[in-house]
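K.L.:
sharing a sequence plus its predicted fold:
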Amino acid sequence: MAAPAASDPESFLKSVLNHVSSPAEPPQNRPFVTLTYAQSLDGKIAGKGGKQLILSGNESMLMTHWMRTMHEGILVGIGTALNDDPQLNTRRLPVRAEPYPQPIPIILDSQLRFRSNCKLVGNYGSGNGRQPWVLCSEEADPKKRESLENAGVKIVPVKSNPQTGKLDLDDVLSILRKLGVKSLMVEGGQQVISSFLSHKSSSTGKSAVDSIIVTVAPTYVGNEGVGALDEGQLPAKVAHVSSTVMGRDSIVACRPTES
Ligand SMILES: NC(=O)c1ccc[n+]([C@@H]2O[C@H](COP(=O)([O-])OP(=O)(O)OC[C@H]3O[C@@H](n4cnc5c(N)ncnc54)[C@H](O)[C@@H]3O)[C@@H](O)[C@H]2O)c1
Ligand SMILES: Nc1nc(=O)c(N)c(NC[C@H](O)[C@H](O)[C@H](O)COP(=O)(O)O)[nH]1
């Protein structure tokens, strides 16, 4: 059997991300949302105890960085921010005369655990990155807020669920839209992926995710690794959009369906 055709990352993304291929206004109450992550053959996104793993090969990691250029915001949870100290920029792309668009780093952090000595704050301070936005609960500690603001972080209070402490995704998305973010790439980690995949908009009853792009790396992590999904959350049903191969990895693009 012939091997599946490999595609170049930019063309593949343009073919599966509607907001890139045919620019349109997003809904009024949210940005276009792309959910993306990399997993092993056994569905793990990190190692034992959350150890950060480089699952993606060079080619698919390059695709992730292209994807970052195609979104105005890039969102991770505070678990990922503290564990991985990410930069969320496009530094792997080939140097070119015209700078690549950089997404705004956005962190869901109910209780303001974000650290001001992280790379996102450092990159912003040295002129090498966009200002990080930290979305927190309206009840978050004002002293922590002031200290992060003094370090250059933009703090955005949003509604939270009093039972779980998690930020209300309808409010998160509608506030980001009001702040001008028209496209959002959600990069993880486990709890954030699960929340977005199981979320249904309170106004439409539909998923707030437009595209799901998963990199599958040919490796096993084992039972102690962190799964892509939090147990107990029911993910959306999805329809297949397209699949391709990048280097040794498989890339699967889907979209949530209503049935
Ligand atoms: N392979 C990948 O693609 C990938 C991507 C990102 C992160 N990771 C890995 O994921 C792990 C971190 O995942 P995690 O689950 O611990 O943390 P996470 O990044 O999902 O952050 C979860 C935290 O965000 C906060 N939060 C606020 N509102 C929320 C909401 N509505 N829904 C969910 N969370 C909300 C909560 O405090 C919660 O504890 C790390 O090990 C990291 O290396 C892997
Ligand atoms: N595509 C992808 N392949 C991986 O193998 C992997 N571990 C991640 N993980 C995403 C997670 O959000 C990380 O924290 C950021 O990838 C770090 O971001 P930077 O590289 O610092 O910009 N993402």
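P.N.:
Everything's here; your move. Residues are numbered from 1 along each chain as shown. Ligands and ions are numbered 1, 2, ... in the order given.
K.L.:
do a quick rundown of the strands in this protein.
P.N.:
Along the chain, the stretches classed as strands by DSSP state E are 32-39, 44-46, 73-77, 104-108, 133-137, 154-158, 183-188, 211-216, 226-227, 238-246, 249-256.
K.L.:
which of the ones you listed sits closest to ligand 2?
P.N.:
Nearest to ligand 2, of all the strands of the chain, is strand 32-39, at 3.3 Å by C-beta to the nearest ligand atom. Every residue, glycine included, has its C-beta placed from N, CA and C.
K.L.:
distance from the chain centre to that closest one, please.
P.N.:
On the basis of C-alpha atoms, centre = their mean, to the nearest Å, strand 32-39 sits 6 Å off its chain's mean C-alpha point.
K.L.:
packing partners for it?
P.N.:
With contacts taken as 3 or more C-beta pairs under 8 Å, 6 or more residues apart in numbering; DSSP states H and E, strand 32-39 sits against strand 44-46, helix 58-69, strand 183-188, helix 190-198, strand 211-216.
K.L.:
quick revisit: let's have the strands of the chain in TSV, adding distance to ligand 1 and mean neighbour count.
P.N.:
Output for the strands of the chain, formatted as TSV (distance: least, C-beta to the nearest ligand atom, whole Å; neighbours: other C-beta atoms under 10 Å):
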stretch	distance to ligand 1	mean neighbour count
strand 32-39	3	24
strand 44-46	3	24
strand 73-77	2	25
strand 104-108	4	25
strand 133-137	8	23
strand 154-158	9	18
strand 183-188	2	25
strand 211-216	7	22
strand 226-227	5	22
strand 238-246	14	15
strand 249-256	12	20
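K.L.:
tell me how far residue 222 lies from residue 232.
P.N.:
In this view, residue 222 and residue 232 are 22 Å apart by C-beta to C-beta, to the nearest Å.
K.L.:
the more surrounded of those two?
P.N.:
More crowded of residue 222 and residue 232, by other C-beta atoms under 10 Å: residue 222, with 10 against 7.
K.L.:
list the contacts for that one?
P.N.:
Residue 222 is in contact with 42, 44, 48, counting by C-beta atoms under 8 Å, 6 or more residues apart in numbering.
K.L.:
equivalent analysis for residue 192, please.
P.N.:
By C-beta under 8 Å, 6+ apart, the residues touching residue 192 are 75, 76, 77, 79, 80, 108, 186.
K.L.:
turn those into JSON lines, columns for distance to residue 33.
P.N.:
Formatted as JSON lines, these follow (distance: C-beta to C-beta, whole Å):
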{"residue": "75", "distance to residue 33": "9"}
{"residue": "76", "distance to residue 33": "14"}
{"residue": "77", "distance to residue 33": "15"}
{"residue": "79", "distance to residue 33": "19"}
{"residue": "80", "distance to residue 33": "17"}
{"residue": "108", "distance to residue 33": "13"}
{"residue": "186", "distance to residue 33": "6"}
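K.L.:
pick out the most distant pair among those.
P.N.:
Spatially, the most separated pair among these is 79 and 186, at 13.4 Å (C-beta to C-beta).
K.L.:
circling back to that earlier point, save the helices and strands packed on strand 32-39 as a markdown table, and put in mean pLDDT too.
P.N.:
A markdown table is the format used below for the helices and strands packed on strand 32-39 (pLDDT from 0 to 100):
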| stretch | mean pLDDT |
| --- | --- |
| strand 44-46 | 98 |
| helix 58-69 | 97 |
| strand 183-188 | 97 |
| helix 190-198 | 96 |
| strand 211-216 | 98 |
